[in-house]
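missing the sequence, but the structure's below:
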C-alpha cells in the first residue's frame, strides 16, 4: 500500500497548482519590479521636465531659445508617459490600493506631456509679441493687430492646458498615499494657474480688439460702484461715464449721475419672476439699484436700458468697477494731481473718494464735480499710456479676481467669450470640485454708512464624507457677521442719512441675501439678534434674506446650515459683496 493517501490524479493536480501559484508569485514579483523600475525612471524624467520648465518661463520672451527649452521638456515628458502607459502598468492600475497610485502617476505624466508637446509650442511662436507693452497706447491708440495675431495660438494653448488640468482634477486623492497626494496637489495647482492665464489670454485676444473698435466704433457705459453704500455687487452705481472706442483709441465723452435719472415706471426692463419675488422691482426702477441683484448679466442690461431711455442712445456694453479697483489702477499710473490740489494715489483713493469727500463738500454737486475730475484723470492717464503695462495687467487681474470689475456685452459673440469668467459677474457657481455660497449685502439706510461697516464670512463642513469620485455628501455651515464700527458722533448728515429713511443717525440698516450652493437644501438657519428670514429661489439656488439695523458698536451674525442633495464639490467657498476693505482673502474650507 502507498504511504500517500491521495490518488495519482490528485497529486498531479496539486503539483500543477503549486507550479501555477509559484509562477503567479514570480510574475507578480516581476511585475512589481517592472513597475518599480519604470516608476522610478518616470519620476526622474518628470523631475527633469520640471527643472527644464522653469527655464521655459525665463526664456519666454526669446521664442527660439524657449522653443529649444520646450523641446527638452517634451522629450522628458514623452519618456515619462511611455514608461507609465505600457500594458503591465495599465493592467496594474486596476489592482486595489496600488492601482490608484499608478493611475495618478500615469495621469500626471500624460497631462505634462500634452502640455509640453501640444499646448506650449504654438504659444512660444508668438511669445515675443505678448509683452506687457502691447497694452500700452501709442499716440492714444492700442495696436490691435497684436492681439489678433495671437488668437489661434492662445486658443490652442488654452484648450490643451485646460484638458490637462481637467484630467488631473479628476484624480481621486482620497485613495492616494500622503506623499503622492501632495504631488498631485502641486501639479493641480500649477496646471490650474496655467489654465487661468492661458484662458484669460485666449479670451482677451478675441475680446479686446472687438471692444476697442477693431470692426467699427463702439460705446460703453461705465458704472462706478460706491462701496460706502452697499449693493450686492459692490455699491450703488452713483456715477456713470460713456466711453467711445474706435480703432484702438478710447475717448471719455459723457458723464452722468444716478440722482439725475428718473424713477422708471414702468420698470426699465421686466425682471424674472424669481428675481422680483426676492428683490421686488427696485433694481429695474432706480439706476442706484441696478447692482442689487448679484448677477451682472441682469445689472448690465438694466443699466443699458435706463441709459437709453434717458439719453436716447444704446450702448454696446456695460462695465462696472469700484474705487478699490481704481486704487489698483493707480498703482499702475502713479499719483495724479487734481485741480483741487489733491494728489490721488493708490493709498488715498478709497478714503478720499468714499469718505473724506463727504466731509469736505456738503453739496452733492460739488461732490460730483470732484468725482468727475478724479475719474477723468485716471482715464486720461490710461489713454495716454501713462500706466506701467505690467502693473496695469496685474491691477485688472486683481480687480477681476476680487469681483470688483464686471463686463456685460450686448454683442452675443462677446458675451459668450465672457461667460464662465469672474468678469461676467454671474451668480455663485458650483461644480464637481467646488461648492460656493453667496453672501450679499445692501444698504437700507440711504446713506454712506457702509464705509464704517464690516462684512465677515466663515465657511466649513460640519460633517462630510467623500465618495469614490472625490465628491462630498454632508452638511456645510456658512456664518456671516455684519458689524457697525462707526464713531458715535461727528459724522455729517450726508454720511448718516440724517434719519431721512427712518434710521437713527449713526445707525446702519443692512439687507442681506444668503445663497446656498446649487445642489444643497436648507437644514437650519439662525440669526442673532433674532429677526427671522425671508427669501425664495433664484436659478436653482435657495436664497435667505434678512435685514437688521445696527447702532455703532453692534453686530449681527447669521448662520446657515445646508445639506447636500447630490454629491458636491469638496471645497467650500464664499462669493461675497466686495467692500471697502482691500486684501480680503475669501475663506476656503476642504472636506478632510
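Looks like it arrived, so ask away. Quick caveat: nothing in here was measured; it's all calculated off a predicted structure. Numbering: from 1, shown residues only.

Remind me which helix or strand residue 439 belongs to.
Applying DSSP states H and E as the criterion places residue 439 in strand 434-443.

Report the buried residues of that strand.
434, 435, 436, 437, 438, 439, 440, 441, 442, 443 (16 or more other Cβ atoms under 10 Å). Where C-beta positions appear, they are placed from N, C-alpha and C, glycine not excepted.

Could you dump the residues you listed into a markdown table with distance to residue 506 and pLDDT added?
Listed next are the buried residues of strand 434-443 as a markdown table, based on distance: Cβ to Cβ, whole Å; pLDDT from 0 to 100:
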| residue | distance to residue 506 | pLDDT |
| --- | --- | --- |
| 434 | 40 | 93 |
| 435 | 38 | 96 |
| 436 | 35 | 97 |
| 437 | 31 | 97 |
| 438 | 29 | 97 |
| 439 | 25 | 96 |
| 440 | 24 | 97 |
| 441 | 18 | 97 |
| 442 | 19 | 98 |
| 443 | 14 | 97 |
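
For residue 214, the count of nearby residues, please.
A total of 18 residues lie near residue 214 under the criterion other Cβ atoms under 10 Å.

now the closest residue to residue 306 other than its chain neighbours: how far from residue 311?
Excluding the flanking residues, the one nearest residue 306 by Cβ to Cβ, 6 or more residues apart in numbering is residue 268, at 4.8 Å. Residue 268 sits 13 Å away from residue 311, going by Cβ to Cβ, to the nearest Å.

related to what we said a few turns ago, just checking, next helix/strand downstream of the strand holding residue 439?
strand 453-466.

tell me the angle of that following strand relative to strand 434-443?
160 degrees (axes from the mean of the first three to the mean of the last three Cα atoms, to 10 degrees).

Just name whatever secondary elements strand 453-466 is in contact with.
Secondary-structure packing of strand 453-466 (3 or more Cβ pairs under 8 Å, 6 or more residues apart in numbering; DSSP states H and E): strand 434-443, strand 472-484, strand 571-576, strand 588-590.

Of those, which is nearest residue 120?
strand 434-443 (26.8 Å; Cβ to Cβ).

so what secondary structure elements neighbour that closest one?
By 3+ Cβ pairs under 8 Å, 6+ apart, strand 434-443 packs against strand 453-466, strand 472-484, strand 508-515, strand 555-564, strand 571-576.

which of those sits most buried?
Comparing the helices and strands packed on strand 434-443 by mean neighbour count (mean count of other Cβ atoms under 10 Å), strand 508-515 ranks first with a mean of 24.

now it: mean pLDDT?
In this model, strand 508-515 has an average pLDDT of 97.

That strand: how far from the chain's middle?
Here strand 508-515 is found 22 Å from its chain centre; the criterion is Cα atoms, centre = their mean, to the nearest Å.

Could you give the average pLDDT over the one helix or strand residue 105 maps to?
In this structure, residue 105 sits in helix 98-114 according to DSSP H and E. The predicted model assigns helix 98-114 a mean pLDDT of 76.

right, and the helix or strand after it?
Tracing the chain past helix 98-114, the next element assigned as helix or strand by DSSP H and E is helix 120-124.

and that next one, what other elements does it pack with?
helix 63-83, helix 151-169.

how about 10 Å then?
helix 8-58, helix 63-83, helix 151-169, helix 178-211 (3 or more Cβ pairs under 10 Å, 6 or more residues apart in numbering; DSSP states H and E).

next one: it to chain centre, how far?
Taking mean C-alpha positions (Cα atoms, centre = their mean), helix 120-124 and its chain are 25 Å apart.

where in the stretch 401-550 of the chain is pLDDT low?
Scanning the stretch 401-550 of the chain for pLDDT under 70 picks out 530.

give me the element residue 432 is part of.
With DSSP H and E as the criterion, residue 432 is inside neither a helix nor a strand.

now it: how far from residue 569?
6 Å.

Pull up the overlap in contacts between these two.
Counting by Cβ atoms under 10 Å, 6 or more residues apart in numbering, the residues touching both residue 432 and residue 569 are 470, 471, 472.

which residues sit in contact with the second one?
Right, residue 471. 172, 431-433, 435, 465, 519, 564, 566-570, 591 are the contacts of residue 471 under Cβ under 10 Å, 6+ apart.

among the residues you listed, which ones are buried?
172, 435, 519, 564, 567, 568, 569, 570, 591.

what is the second one paired to in the beta sheet?
Each beta-bridge partner of residue 435 is listed here, defined by DSSP bridges: residue 572.

picking up where we left off before, save the helices and strands packed on strand 453-466 as a markdown table, and put in distance to residue 94 too.
Shown next, in a markdown table, are the helices and strands packed on strand 453-466 (distance: least, Cβ to Cβ, whole Å):
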| stretch | distance to residue 94 |
| --- | --- |
| strand 434-443 | 29 |
| strand 472-484 | 25 |
| strand 571-576 | 28 |
| strand 588-590 | 28 |
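
which one is residue 97 nearest to, not counting chain neighbours?
Here the residue nearest residue 97, using Cβ to Cβ, 6+ apart, is residue 175, at 7.7 Å.

Tell me the buried residues in stretch 264-282?
Result for stretch 264-282 [16+ other Cβ under 10 Å]: buried residues 264, 267, 268, 271, 275, 276, 278, 279, 281, 282.

Between the two ends of it, how far is it?
Its start and end residues considered, stretch 264-282 measures 9 Å (Cα to Cα, to the nearest Å).

next one: stretch 429-445
30 Å.

Any idea how many residues pack against the residue nearest to residue 97?
Neighbours of residue 175 (other Cβ under 10 Å): 18.

which residues touch it?
96, 97, 99, 100, 101, 103, 104, 181, 466, 468, 470.

can you put those residues in CSV and add distance to residue 319?
CSV is the format used below for the contacts of residue 175 (distance: Cβ to Cβ, whole Å):
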residue, distance to residue 319
96, 54
97, 53
99, 50
100, 47
101, 49
103, 45
104, 43
181, 42
466, 41
468, 44
470, 38
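
Compare those and tell me which is most surrounded.
Using other Cβ under 10 Å as the neighbour criterion, residue 104 leads the contacts of residue 175 with 23 neighbours.

Excluding chain neighbours, what is closest to that one?
Nearest non-adjacent residue to residue 104 (Cβ to Cβ, 6+ apart): residue 171, at 5.1 Å.

what do you get for residue 314?
Excluding the flanking residues, the one nearest residue 314 by Cβ to Cβ, 6+ apart is residue 308, at 4.7 Å.

can you check residue 533 too?
residue 544 (4.6 Å).

what number of residues lie near that neighbour?
Residue 544 sits with 23 neighbouring residues when counted by other Cβ under 10 Å.

who touches it in this structure?
Residues in contact with residue 544 (Cβ under 10 Å, 6+ apart) are 278, 478, 480, 512-516, 522, 525, 527, 532-536, 558, 560, 562.
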